[in-house]
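Chemist: next input, structure requested:
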Amino acid sequence: IGMDWSSCFPKICLLLFPVLALALTSGVHSHDRVKVFEVRSFGAIADGKTDDSKAFLDAWNHACQYKSGVRRRLLIPHGTYMVWPVVFKGPCTGPIVFTLKGVVKAPVDKSTFSLDHWITFQHLSRLLINGGGTFDGQGPYAWPENECACKSLPASMRFNFVNNTWIRRISSVDSKSFHFVVFKCDDLEFRRVRIIAPDESPNTDGIHIGDSSRIKIADSMIATGDDCVSVGPGSKDVEVVGVHCGPGHGFSVGSLGRYPNEADVVGLSVRGCTMVGTQNGVRIKTWASPLKSSVHNISFHDITMKDVLNPIIIDQEYCPRGGCPKQPGSNVQINGVSFTQIRGTSASEVAVSLVCSPNVPCKNINLHNIDLAYPGGGGHAKSRCAHVNGRSGGVQNPLSCI
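Modeler: Model (predicted):
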């Protein structure tokens, strides 16, 4: 039976048109359904001198409280912005993308040096910070105020009570103090972050974590004047993967045992990292004090070191500036720490130093496949141990003291 398709085709089109129209209107791609809040639309000048803080906060508040179901983006386009200390507060009505393409500069007025923050994100969930831009803390104006490395200066960025958040392709340069501080947070990921400050800049830790869980730092570069990553009391399930560290003071757990009621550190994995010219490599540091807490389930794996002064170190007599009162020993229990597949060169003769406490000796310390050469004069690399219980296996250079 023959059929005249030419006569049917217009009818089919008429039948399908409403269906196609409905699909096109209801199935808009998410990237087309974004409400953009651009800071210049709220009065930002972007001349690097005028205070743009109000424009940033106004843009944030509008984005945060926007009621529509579409995604919202706060956009900081190319340009240089001067922003005084601000707090971007939640909770918000939905997820926000904070896109920085320009450079945001911190103030250099000394009246701001007594604050503990410059940029703070607080009480938020489902935040994405991206864009490839830079936060410039202008630290050289403040570091002379802290030559003793004992004063509190503003951290560049603080995350307080922030959950389910991603920080990607952002740079932080020349922070006055810590670059990033993570406090009381859960499920944060730093990826492809770039952190830079001179090696002599005081207390410029790259990322400091405290009282937080499920924090991941990946595929990033940290070159600073203090710890690349410091894991403080109350940290749980922290991952550091594929990070280049140096210069700086390395990856540190602690310091611990300095203040009353510190929560334990549980679960840290540092792996696939490279360290170049750092003061320390992988380190756990506790004060010799009567205050009790514990560190357990820690893994340092597959790490390459080049000219690192103290590649592997447990220091339970931590006293960075000297003059600490004589104490019988630390009361922080270290249990279940593995150092595996660590290789490279040590800038000092003692490549492995495990000095634990006579009060609570370290337990279940595992050294496996350690190959750290000492290219300087005076012989081979050495190891030093005190009050350590554990085991060693595989390649052991220097010879294990466990």
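Chemist: which residue packs closest to residue 210, ignoring adjacent ones?
Modeler: Of all residues not flanking residue 210 in the chain, residue 232 sits nearest, at 3.8 Å (Cβ to Cβ, 6 or more residues apart in numbering). (Each C-beta comes from the backbone N, C-alpha and C, glycine too.)
Chemist: give me the neighbour count for the one you found.
Modeler: Close neighbours of residue 232, defined as other Cβ atoms under 10 Å, add up to 22.
Chemist: surely it and residue 208 touch.
Modeler: Yes: look at residue 232 against residue 208 with Cβ atoms under 8 Å: they come within range, at 6.3 Å.
Chemist: check what pLDDT the residue nearest to residue 210 gets.
Modeler: Here the pLDDT value assigned to residue 232 is 98.
Chemist: so where do the helices sit in the chain?
Modeler: For the chain, the helices defined by DSSP state H occupy 5-26, 53-64.
Chemist: need the least confident one among these, by mean pLDDT.
Modeler: Between these, the one with the least mean pLDDT is helix 5-26; it has a mean of 39.
Chemist: pass me the low-pLDDT residue ranges in the stretch 101-250 of the chain, would you?
Modeler: Within the stretch 101-250 of the chain, not a single segment meets pLDDT under 70.
Chemist: same thing but 80
Modeler: Applying pLDDT under 80 to the stretch 101-250 of the chain picks out residues 149.
Chemist: the nearest residue to residue 212 once chain neighbours are set aside and residue 240, how far apart?
Modeler: Nearest non-adjacent residue to residue 212, counting by Cβ to Cβ, 6+ apart: residue 185, 4.3 Å away. Relative to residue 240, residue 185 is positioned 16 Å away (Cβ to Cβ, to the nearest Å).
Chemist: so for those two, which sits in the more crowded spot?
Modeler: When neighbours are counted by other Cβ under 10 Å, residue 240 comes out ahead of the other of residue 185 and residue 240, with 28 against 23.
Chemist: please report how far that one lies from residue 204.
Modeler: To residue 204, residue 240 is 18 Å away according to Cβ to Cβ.
Chemist: repeat that for residue 233.
Modeler: From residue 233 across to residue 204, the span is 21 Å (Cβ to Cβ).
Chemist: how about residue 396?
Modeler: From residue 396 to residue 204 the distance is 35 Å (Cβ to Cβ).
Chemist: contacting residues for residue 373?
Modeler: Taking Cβ atoms under 8 Å, 6 or more residues apart in numbering as the criterion, residue 373 is in contact with 344-346, 380-381, 397.
Chemist: and the furthest pair within those residues?
Modeler: 344 and 380 (14.7 Å; Cβ to Cβ).
Chemist: settle it for me: which of these two has more neighbours?
Modeler: Neighbour comparison, residue 344 and residue 380: the larger count goes to residue 344, with 19 against 12 (by other Cβ under 10 Å).
Chemist: that one - nearest residue in space that isn't next to it in sequence?
Modeler: In space, residue 344 is closest to residue 305, 3.5 Å off (Cβ to Cβ, 6+ apart).
Chemist: tell me the bridge partners for that neighbour.
Modeler: residue 275, residue 344 (DSSP bridges).
Chemist: again, but for residue 265
Modeler: When bridges are called by DSSP bridges, residue 265 pairs up with residue 295.
Chemist: how about the one 4 residues further on?
Modeler: Beta bridges link residue 269 to residue 239, residue 299 when assigned by DSSP bridges.
Chemist: hang on, it packs against residue 238?
Modeler: Yes: using Cβ under 8 Å, residue 269 makes contact with residue 238 at a distance of 7.4 Å.
Chemist: which of those two has more neighbours?
Modeler: Neighbour comparison, residue 269 and residue 238: the larger count goes to residue 238, with 24 against 17 (by other Cβ under 10 Å).
Chemist: how near is the more buried one to residue 113?
Modeler: According to Cβ to Cβ, residue 238 stands 30 Å off from residue 113.
Chemist: now swap in residue 150 and tell me
Modeler: Residue 150 sits 14 Å away from residue 113, taking Cβ to Cβ as the criterion.
Chemist: comparing these two, which residue is more hemmed in?
Modeler: Neighbour comparison, residue 150 and residue 113: the larger count goes to residue 113, with 18 against 10 (by other Cβ under 10 Å).
Chemist: OK, contacts around that one?
Modeler: Residue 113 touches 142, 145, 153-154, 176, counting by Cβ under 8 Å, 6+ apart.
Chemist: neighbour-wise, which one of those residues leads?
Modeler: Neighbour-wise, the contacts of residue 113 (other Cβ under 10 Å) top out at residue 176, 30 neighbours.
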